[in-house]
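Participant: With the sequence up front, the predicted model follows.
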Amino acid sequence: MAKEELPGVLILDIGGTHGVLENLAALLKKHFHLITMKEFLENKEEMSKKIQSVFVFECRPTIDRELLESLPNLKVIGNSGVGVDHLDLKMISSFGVKVTNTPHAVADPTADIGMALMLASARRLVEGNVLNFPG
């Protein structure tokens, strides 16, 4: 399948402080034509027709009415996080756009870290480590 035939997905950027992680972008590129926000803004007329999805990574890009109005073929907004508090679901659905998220993706790792922190705190593990190994 040629790159032009792949569904267009709008992302903020690849790498950097707020962009999609590079290894995740490599995986996405196998199935989608990634369009960064910079590319979109530089050629809005052409790019807006290609974008069928927006991939929200760490609450970016911001989904507002102006963006939704500029994407006539938008079908879905995929949120990479658990919550969707940062998205106006009522406004988004008024454009006929669906929203997805990953509610259980980090449940087990979060529970593991929570338990580890509680056990470390109860046993004063960090303090003991600092006392035994100053540095």
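Facilitator: Thanks, I have it. Computed from a predicted model, the values in this text were never measured in an experiment. Residues are numbered from 1 along each chain as shown.
Participant: Pretty sure Met47 sits against Thr36.
Facilitator: No - with contacts counted by C-beta atoms under 8 Å, Met47 stays clear of Thr36, the gap being 9.7 Å. Any C-beta I mention is one placed from the backbone N, CA and C, and that applies to glycine too.
Participant: Next up, the contacts around the spatially most central residue of the chain.
Facilitator: Centrality entry for the chain: nearest residue to the mean C-alpha point is Phe57, 1.7 Å, by C-alpha atoms, centre = their mean. Residues near Phe57 by C-beta atoms under 8 Å, 6 or more residues apart in numbering: Ile11, Leu12, His18, Gly19, Val20, Leu21, Leu24, Ser80.
Participant: May I have the beta-bridge partners of it?
Facilitator: With DSSP bridges as the criterion, Phe57 is bridged to Arg60.
Participant: can you give me the strands for this protein?
Facilitator: Secondary structure of the chain by DSSP state E: the strands cover 8-11, 33-36, 51-56, 76-79, 98-100.
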